[in-house]
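Peer 1: Give the three-dimensional model of this entry:
(chains A and B)
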Protein chains: 2
Amino acid sequence: MKTIDLALLGFGNVGKAFARLLAAKKQELLEDFGFLPRITAIATKKHGVCIDPDGLDDQALIHLLDNGKPLDLAVLDRTGFKGDTYEFIRQAPAHVLVETTPVNPHSGLPALDYLHAGANQGLHLITANKGPVVYGFRELTALTKQHGRLFRFESAVMDGAPIFSLFRGPLAGTKILSFYGILNSCTNLLLDRMRSGETLEQAIAYGASIGITETDPSNDVDGWDAAIKVAALSNVLLGQNLTPMDVQPTGIRGITPDMIALAEAQGKRWKLVCQGGWKDDGYQVSVKPEMVGPESPLYTVDGTSSYVSFELDVLPGLGILETNPSPKTTAFGLLADLIDIVKSETT
Amino acid sequence: MKTIDLALLGFGNVGKAFARLLAAKKQELLEDFGFLPRITAIATKKHGVCIDPDGLDDQALIHLLDNGKPLDLAVLDRTGFKGDTYEFIRQAPAHVLVETTPVNPHSGLPALDYLHAGANQGLHLITANKGPVVYGFRELTALTKQHGRLFRFESAVMDGAPIFSLFRGPLAGTKILSFYGILNSCTNLLLDRMRSGETLEQAIAYGASIGITETDPSNDVDGWDAAIKVAALSNVLLGQNLTPMDVQPTGIRGITPDMIALAEAQGKRWKLVCQGGWKDDGYQVSVKPEMVGPESPLYTVDGTSSYVSFELDVLPGLGILETNPSPKTTAFGLLADLIDIVKSETT
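Peer 2: Numbering: from 1, shown residues only, chains lettered A, B, ... in the order given. Alright, predicted model coming up:
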């Protein structure tokens, strides 16, 4: 039996779901993979920091989460830690840094710097953030490798659906020629609502009411979130070196109720379609609204579902559909990364 | 550099596509995985047997395939081999047995016996056949394990799309609760043709003309092929021990043009839907035609495409779509198995 100590940076919905998932899967992980995950440190911006080199008490942590009161992590702290995030990364008694902090999608900061610090500290890195993947994939991969560690980020695109791990493992013997899909579930939901008669503004308001859209929805609505994911897939899987700016996304602001009605009349639906791949004139990417008919797999991708299809040298079309994502789904992506890291240490 | 010697049992469309794929990917396999695959023996029922302990000449083999004349493998033989298939398995100078012979779907024979013999000979086993997976998964897994070898069969369900490897690798930390999908691409094509106005008989005749349906199409049309795949997924991924008979499939013979028209009028489509999973009253499986609407991912699965969606403890819905399969796609499944085997030997 091996104990794997984790430091969690960020403890929002995803971080909390991860802590719950670890507690729920403890016995399974021990039996199937021979390790016991142990959270030894958590740092947040608003709810304090806690460190316990012997591992935070699972039950106490879950109790704190279930409590309903504003979270105060300091009650679990056994070290009296004072310091900033970088100091936390230096002092955290951990083997793996799990990063789920809010991130600036146009720079990957501050997550990128945190992960950089973690790598220099000799930690394995797991992030659920797209930003550090787009802006730091090569550097963080190289830096962790220098220390014999791994940089993993399965949750960065399509939550816990296996994308990056699929091409590291089962599809390692393939070459990707291109991909297309629906990578931003927020706009997909908004377009669905508009199909039911709402305006974009009404749809955004609905999205905000169920916690899907943010106060400033432009990151989703103007196609930036999709563009970041297109850049992430391009950089990691197709050897590119793109920023979201290179993708020059067109969002869904221009889609009017009339356009929705026109599509319906033709038996089609508007979707925010992401694409990347090799064309005659080199590597091309795009994010823009398109009308798709029932001959396209995108037609049935509704609500908060997302979809990506790959064209490979040996498989003309391989599509991955993820339906009904939740923080638990994203948390599984983090766990899949953790299992991959533990496996790498035992082989 | 490591040379991996392969004995091919069966050399139909899939076997030939595999030989071509190996020749095309030789350099890539060497660079990416450090091994050189080498076909040292091929046995067929109608086109002879050839063995060359130094590896059959790639170019000579491809030339033979490209020739257009009836295949005569004996011209490549350097050993004057005489004997039956079991003698071939005993004598083949190989490390891996790649089995793609025609198989009886209701018994898995003779492929099952061939693989059994190969395992006893200390060979790794790769098959593209569903039969041996359904009827021999546990036994062949245990038998190969005794010899420190692996039994692999990615191509048995949905050709080269990663299914079994996905749950051995990226999704190893999950539990499958249920699955559903379209696993028989032949009936899916037939239903498509009927939607365009053909009768079942006309559709079958068309299928035969493009080599999709067999002279006796009942294996597909009556749902047996789908039932075998449901049993294979159930046995390998969900710990069951089913035969196709246990699935009691209902095929598409009962689907009339009137029923097709009625579905169209409701905006729906008939699909041969496969299901398996845990229900309140235990483990349940079914294969039967169902009408599905545009709210279902199955609605857009057309032609010879196939699809499977898994409900996991940590992912509410993960779907895999394979479009435009070909013998090359199936051949990739065999190659993915081979890469997996080589990796297992180097870690």
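
Peer 1: From here on, just use CA atoms for contacts and neighbour counts.
Peer 2: Will do.

Peer 1: residues from chain A in reach of chain B?
Peer 2: Contact residues, chain A versus chain B (C-alpha under 8 Å from any C-alpha of the partner chain): A:29, A:160-162, A:165-166, A:169-171, A:173, A:294-297, A:299-302, A:314-325, A:328-329, A:332, A:335-336, A:339-340, A:347.

Peer 1: Poorly predicted segments of chain A, please.
Peer 2: A:215, A:347 (pLDDT under 70).

Peer 1: please redo it, this time with the cut-off set to 80
Peer 2: Along chain A, segments meeting pLDDT under 80 span A:103, A:105, A:213-216, A:346-347.

Peer 1: domain assignment for it?
Peer 2: Annotated domains of chain A cover A:2-159+A:327-345, A:176-322 [automatic domain parsing].

Peer 1: From one end of the longest one to the other, what's the distance?
Peer 2: Meaning domain A:2-159+A:327-345. 11 Å (C-alpha to C-alpha, to the nearest Å).

Peer 1: What of the last one?
Peer 2: Criterion C-alpha to C-alpha; first-to-last residue distance in domain A:176-322 is 20 Å.

Peer 1: now that domain: how far from the chain's centre is it?
Peer 2: A distance of 16 Å separates the centroid of the chain from that of domain A:176-322, by C-alpha atoms, centre = their mean, to the nearest Å.

Peer 1: re earlier: next step: the residues of chain A next to chain B restricted to helices.
Peer 2: Cross-referencing these against helices under DSSP state H gives A:29, A:165-166, A:328-329, A:332, A:335-336, A:339-340.

Peer 1: Okay, A:Cys274 and A:Phe81: tell me how far apart.
Peer 2: When distance is defined by C-alpha to C-alpha, A:Cys274 is 45 Å away from A:Phe81.

Peer 1: now swap in A:Met158 and tell me
Peer 2: 35 Å.

Peer 1: neighbour-wise, which of those two wins?
Peer 2: Comparing A:Met158 with A:Phe81 by other C-alpha atoms under 10 Å in any protein chain shown, the one with more neighbours is A:Met158, at 26 against 16.

Peer 1: then stretch A:204-217 to PDB, C-alphas only?
Peer 2: This file holds the C-alpha atoms of stretch A:204-217, laid out as PDB (Å, rounded to 0.1, in the frame of the first residue of the first chain):
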ATOM      1  CA  ILE A 204     -28.400  34.000 -20.600                       C
ATOM      2  CA  ALA A 205     -30.600  35.000 -17.700                       C
ATOM      3  CA  TYR A 206     -31.900  31.400 -17.500                       C
ATOM      4  CA  GLY A 207     -28.300  30.100 -17.700                       C
ATOM      5  CA  ALA A 208     -27.300  32.400 -14.900                       C
ATOM      6  CA  SER A 209     -30.200  31.300 -12.700                       C
ATOM      7  CA  ILE A 210     -29.000  27.600 -12.900                       C
ATOM      8  CA  GLY A 211     -25.400  28.600 -12.500                       C
ATOM      9  CA  ILE A 212     -24.300  27.800 -16.100                       C
ATOM     10  CA  THR A 213     -23.500  31.300 -17.400                       C
ATOM     11  CA  GLU A 214     -21.400  33.800 -15.500                       C
ATOM     12  CA  THR A 215     -22.300  37.400 -14.700                       C
ATOM     13  CA  ASP A 216     -20.200  38.400 -17.700                       C
ATOM     14  CA  PRO A 217     -21.100  35.700 -20.200                       C
END
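
Peer 1: Check which residues of it are buried.
Peer 2: Using 16 or more other C-alpha atoms under 10 Å in any protein chain shown as the test for burial, stretch A:204-217 gives A:204-207, A:212-213, A:217.

Peer 1: quick one, helices of the stretch 101-250 of chain A?
Peer 2: Remark: helices assigned in the stretch 101-250 of chain A by DSSP state H, counting those that start in this stretch are A:111-120, A:130-146, A:164-168, A:185-195, A:200-209, A:218-221, A:224-237, A:244-247.

Peer 1: Does anything pack onto the third one? Which helices or strands?
Peer 2: Based on contacts counted as 3 or more C-alpha pairs under 8 Å, 6 or more residues apart in numbering or on different chains; DSSP states H and E, the elements that helix A:164-168 packs against are helix A:224-237.

Peer 1: Tell me how many other residues crowd A:Gly254.
Peer 2: 11.

Peer 1: Doesn't it lie inside a helix?
Peer 2: No - going by DSSP: H, G, I helix; E, B strand; the rest coil, the assignment for A:Gly254 is coil, not a helix.

Peer 1: And it, how far from A:Gly80?
Peer 2: A:Gly254 is 53 Å from A:Gly80, by C-alpha to C-alpha.

Peer 1: Now the phi/psi pair for the residue sitting furthest away from the middle of chain A, please.
Peer 2: Distance from the C-alpha centroid of chain A, by C-alpha atoms, centre = their mean, peaks at A:Ala265 (35.9 Å). Main-chain torsions, A:Ala265, degrees, to the nearest 10: phi -60, psi -30.

Peer 1: and it, how far is that from A:Ala232?
Peer 2: Per C-alpha to C-alpha, A:Ala265 is found 36 Å from A:Ala232.

Peer 1: What of A:Lys69?
Peer 2: In terms of C-alpha to C-alpha, A:Lys69 sits 37 Å off from A:Ala232.

Peer 1: Looking at those two, which one has more neighbours?
Peer 2: More crowded of A:Lys69 and A:Ala232, by other C-alpha under 10 Å: A:Ala232, with 27 against 8.

Peer 1: Tell me, how many residues neighbour A:Asp281?
Peer 2: A:Asp281, neighbours per other C-alpha under 10 Å, totals 6.

Peer 1: Pull the contacting residues for A:Ala128.
Peer 2: A:99-100, A:153-156, A:159, A:330, A:333-334 (C-alpha atoms under 8 Å, 6 or more residues apart in numbering or on different chains).

Peer 1: any idea which of the residues you listed has the most stuff around it?
Peer 2: Neighbour-wise, the contacts of A:Ala128 (other C-alpha under 10 Å) top out at A:Gly333, 33 neighbours.

Peer 1: which residues sit against the strand or helix carrying A:Gly277?
Peer 2: In this structure, A:Gly277 sits in strand A:269-279 according to DSSP states H and E. When contacts are defined by C-alpha under 8 Å, 6+ apart, strand A:269-279 is touched by residues A:177-184, A:187-188, A:191, A:226-227, A:230, A:234, A:238, A:251-252, A:260, A:263, A:283-293, A:298-299.

Peer 1: Ramachandran coordinates for the closest residue to A:Asp222 other than its chain neighbours?
Peer 2: Distance criterion C-alpha to C-alpha, 6 or more residues apart in numbering or on different chains; nearest residue to A:Asp222, sequence neighbours excluded, is A:Gly251 at 3.8 Å. Dihedral pair for A:Gly251: phi -90, psi -160, per degrees, to the nearest 10.

Peer 1: Just the C-alphas of stretch A:125-137, formatted as CSV.
Peer 2: The C-alpha coordinates for stretch A:125-137 follow below in CSV (Å, rounded to 0.1, in the frame of the first residue of the first chain):
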residue,chain,number,x,y,z
LEU,A,125,0.8,18.6,-11.6
ILE,A,126,-2.9,18.1,-12.2
THR,A,127,-5.1,20.9,-13.4
ALA,A,128,-8.7,21.3,-14.5
ASN,A,129,-7.9,24.6,-16.1
LYS,A,130,-7.7,25.1,-19.9
GLY,A,131,-5.5,28.2,-19.5
PRO,A,132,-2.3,26.5,-18.3
VAL,A,133,-2.7,23.8,-21.0
VAL,A,134,-2.9,26.3,-23.8
TYR,A,135,-0.2,28.6,-22.6
GLY,A,136,2.0,26.2,-20.7
PHE,A,137,1.7,22.7,-22.2
